[in-house]
Structure formats: C-alpha cells, structure tokens
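K.L.:
take a look and give me a structure for this.
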Amino acid sequence: MQATRSSSGVTLPEVVIVSTASAASEDYEGVLIGVEGAVCTNPHAGLGEWEINDGSGTCRVGDMGYSFTPILGSSYDVIGPVAFTYGTFKIEPRDENDVVWVADNSPPVIDFVAVVSDTTVLVTFSEEVEQTSAETSSNYTIDSLGVLGAEMDGGRFDQVLLTVSVMSEGEYTLTVDGVEDLYGNVMVDVSEVFDFVDTSIPEGYYDSAEGIGGEALRAALHAIIGSHTVHSYDYAWTAFYTTDDKPNGKVWDIYSDVPGGTPPYEYTFGVDQGGVGGQEGMGYTREHSWPKSWFGGDVAPMNSDLFALYPCDAHVNGNRGIYPYGVVTSPVWVSLNTSKVGPCSYAGYSGTVFEPIDEYKGDLARTYFYMATRYYTEDGGWPGSPMTDGADLLPWAVDMLLEWHAEDPVSRKELERNAAIYSIQNNRNPFIDRPEFAIDLYVTAGTRDAATGVLAAGLSRVWPNPFNPSATVRYSVPEASFVTVTLYDVLGQEVARVVNSHLQAGEYMCTVEVGELSNGVYFLRLHAGVHSDTKKLVILK
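P.N.:
All right, here's what the predicted structure looks like:
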C-alpha cells in the first residue's frame, strides 16, 4: 500500500499514534497509524514480515510497500496503514522513512550453531557483533571440548567460526560470555545446545565396489544399498525431524531455503505439516524429487525411500509437479527463493522443467544417481519420463547432473542427512560418501577388444562439454608409451598441452582448464605411441 502526495491541495490524514496491541486489531484497519519505541521480538516472522512489541502486545510489520530486515532487540518507530493479509492485521510501512531505528539495549542471542566438521563449529548471532570480543576464544566454552580459536566468517559480522578439539557423536552445549554487539551490549552466559552427527562410512562398506567402473560398478553398488529397511510413506513425516532439520530446528526445505541469507519463510515441524497450496508459506508437504509417476505411483519401496523424499512448501511442490529438473533461462514462474519453472535450455531437452537454486543442485543430482543405482534391474514396468528410461538416466540428464554434481560439492547437510537415513533405512547414498563414484559410473572407462581383452586407446569421455572453467577427460593407454593430450583451436594451433608423459598401460584422467581461452570450438587430441584419438570440445563462458 503506497500513499502518493498530490499537488491538488488534498491533505493526507495525520498519523494516529497507537500501541502495538491496538495496531494488530481491526479497529484501525485502513488507518495511517504509528507506534513508538517498539522492540523487535521476531525479525523473521515469515514472508518478509517481522514482529514488534511496545509492552502492550505483539504486532506484525508487513513488507507490501517497504521491505526491511530489523535487528532482534532493537527499538523502532514504525508508521503505516493497517492492512489485513494472510489472516493477520499488520502495519504496512510505505517507504524507508516509515521505519526509524531508535535504540538497542539488548545483547545478541545465538540464532543457531551449525557443525562444519568434527573440529569446526559455526555460530550465528542475532545481529552483528564486535570483532575483538567475537574473536576472543576464551569467550566461548563447549562442554568437554577445547575452543582453540575464534574467527569472523569472511564478510559476515554476525557469524563466528570456532576451531575446537575433535568431537565425537553426541550433544554439546556452547556457552558465550563476553561477546558484545555494536552498541556495547554484552552477552552473559548465553547457551545453545547442538548435536554432532558421526558421518563416517562403516568400515568395509564399499569394499566390493572398489576398482571398477561403468555397469559393473552400478551392479556392485546396487548389491550394497539394495534391500533397505522399508518404512511407510506416512513415516516420512517423522523421519524429517532428523533427516531434514536445520541447525535452528526448523524444516530444511531446499525449495525455499536461502543459504547464507534469510529465507522468505520457515516451517516448524508438526505445526506447519501439510499445507494447502495457493501461495507460498502456507505449509510443507512431502516432495518426491523423483516423481512417483515415473516409477508407477504409490509403489513400495520407491514411494517411501527417504533419499528421494524431501520436505518442501506445498505451493512450490504443486508448481514443480512432475516436471524433470533442468536449466531455465526464460522462466514462466519463479519461487520466492528463485527456483524456476520454464522451458529447458540445456542441450538435449526443450520441454518444461523445474530448476532448483544452485546451492541444492548437487544434492538432487546425487539423489538421482542414488535412485538410478538403488533400483537398477528393479525397474520393470516403470513408465519413465523425459529425463529417465525406467531407472536409467537419459544421456542429456546424465550430462547435466554430472555438471551439478561437480559445481555443488557434498555439503555437511548432505553428510548428516545420509547418516540419519542410514540409521532409519540401513542403506547409504554412495554418491555422497564417495563422490568419485559418479565419475566412475557415468564417465565411462576405456573399452577392451572382445576377442583379445586388450585395452583400446582413446579419449573415452570429456565431461562436461561444453565446459567452464574445466573439463574432466578420461582416456586409455593400451601399452606403455609416451603419451600426449593436446588442445588445438580450429586453426590447428596448439593452445595447451594437458598430458606430456611416459605412461604404463591403463586408464587415466586429466583436467582441461579454460584459463585465458575464449569461447568457441576446440579439439583435444590423444597420442599414445602409434595410437591416436580426437574429440571436439566447446568452451562456453
């Protein structure tokens, strides 16, 4: 809602000063009101809104005319008309002049504690903190652990990375005493409980899959992760409490989350379970990331496999539908965290697709590699999709997902999710534990002569292609020889020597870097003794 001043002599109404309790009532709907010295009690109430209280009661502040992120504990004067949206009366500031900071008399609180590794903990505060006090390691204690260092996390002045002694699985309590905000308010014995999850791979788990590639690897991994413990589809609601919980205890919805930023809304387990759609922020549901129609509907065990199930906003879930994942450059719909629906611009498919944000593309790629492996040879009768043939990924999908896998490496979130699902289903996602398995499986190894068993020379695959900033090359050498792998431009001029060495017979990998090269077509040529092979590469920046 926006008020516009006019030169016609019409006088705008005066601001009516009321309490926050009154501002949250129907009595002032449509009236231009103001509240004074109201403390922010919740800076992230969802959908860009926040909450204030002057001691009389809580009132929401909307973002219809002006979007603002307040500081928890700071006091503000807020002006705006009262509107009724999403079932709540709230003040809707019109522009930046309608929100004025007054004071901050409250020390920071701990928003949440996240485990980065077994020796690193990330602490996020409710506001920016003073650097000297924040980087004093003695201001932090964690029961049974030593805090060895404290450092601001890059450009974030509300986050501190703590280096600690090695953690073992279990619950820990962090206590902060002496850290100040930018207004001199000091934290005194503020505590937060967090868990450390052991994500280590059970000894010998992948022994039968070592040293092989291609379909042999897929079969070996299938034998390891198949026949998992099956739970009901309804059990997913319970499983999400441990498989998809954020460090702050909220639901980890990858379709609405904004890593390193403020999500448009967050859900509370149980309370927001279900959802009615219609708009974002109205509840979460169970998303089959590999749509269930692709494997025949409500069919066990695929329907309840937790590796493919994610909690997500009901409205986004409806917009994703059963579209494949893909790359969208001309979206017809965009979610609040910038996930997109639209025609696919990735080579090989041009139909409608859903593109998640970059930070979760690797997660979903590894989910698809899991599904293609877990249900290998068990996909008879699967209808398939534009992205799949039964449990097999189509070539365009393999290429795209391998790129996503490389560009978005395995995160701590995935490691902990993998461990949590393992405790429930008694199987693991190999492509989270061992990311190189994706290369061994899909970037196929060199072939051998069927009669002699001799390895054939050649460039077996270049991935990704087109590429930027680098491509992985798999090649085979049939006998000990001097080997070169050279990149040429379209004029036949050598622009890079990638391999220049004497090698024994075997299969190898190398990397081609873009460096200062410009967009365009190039040729990669292998020489191995009397053998040679050439592949076309495309650089696309």
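K.L.:
sec struct for the closest residue to G281 other than its chain neighbours, please.
P.N.:
Closest residue to G281 apart from its sequence neighbours, by CB to CB, 6 or more residues apart in numbering: Y265 at 4.0 Å. Yep, even glycine has a C-beta here, placed from its N, CA and C like the rest. Three-state assignment for Y265 (DSSP: H, G, I helix; E, B strand; the rest coil): coil.
K.L.:
can you pull the contacts of Y265?
P.N.:
G46, L47, S256, E280, G281, D313, L336 (CB atoms under 8 Å, 6 or more residues apart in numbering).
K.L.:
quick one: the helices in the protein?
P.N.:
Counting by DSSP state H, the chain has helices at residues 20-23, 131-134, 214-225, 235-243, 314-320, 361-374, 395-407, 412-425, 430-433, 436-442.
K.L.:
of the ones you listed, which is nearest S208?
P.N.:
Of all the helices of the chain, helix 214-225 sits nearest to S208, with 5.2 Å by CB to CB.
K.L.:
any idea of the mean pLDDT in the closest one?
P.N.:
Here helix 214-225 scores 94 as its mean pLDDT.
K.L.:
same check on stretch 58-70?
P.N.:
The pLDDT scores in stretch 58-70 average 92.
K.L.:
how far does it sit from its chain's centre?
P.N.:
Stretch 58-70 has its C-alpha centroid displaced from the chain centroid by 27 Å (CA atoms, centre = their mean, to the nearest Å).
K.L.:
would you mind measuring the gap between the ends of that stretch?
P.N.:
Here the two ends of stretch 58-70 are set 15 Å apart, with distance taken as CA to CA, to the nearest Å.
K.L.:
list the buried residues for it?
P.N.:
T58, C59, R60, V61, G62, D63, M64, G65, Y66, P70 (16 or more other CB atoms under 10 Å).
K.L.:
excluding chain neighbours, what is closest to the third one?
P.N.:
By that I understand R60. Nearest one to R60, counting by CB to CB, 6+ apart, is K90 at 3.7 Å.
K.L.:
OK, contacts around that neighbour?
P.N.:
K90 neighbours (CB under 8 Å, 6+ apart): A23, A24, E49, C59, R60, V61, G62, V82, A83, F84.
K.L.:
ok, I254 next?
P.N.:
Y310, C312, P356, Y360, D363, L364.
K.L.:
hmm, which two among the buried residues of stretch 58-70 are most spread apart?
P.N.:
T58 and G65, at 20.7 Å, using CB to CB across those.
K.L.:
what number of residues lie near D189?
P.N.:
Neighbour count of D189, defined by other CB atoms under 10 Å: 9.
K.L.:
repeat for G48
P.N.:
Counted with other CB under 10 Å, residues neighbouring G48 total 18.
K.L.:
quick check, pLDDT for it.
P.N.:
G48 is assigned a predicted lDDT (pLDDT) of 85.
K.L.:
and the gap between it and P247?
P.N.:
22 Å (CB to CB, to the nearest Å).
K.L.:
cool, and L402?
P.N.:
Counting by CB to CB, the gap from L402 to P247 is 30 Å.
K.L.:
with S138 instead?
P.N.:
S138 is 24 Å from P247, by CB to CB.
K.L.:
the two: which is more packed in?
P.N.:
Taking other CB under 10 Å, S138 and P247 do not tie; P247 has more neighbours (19 against 9).
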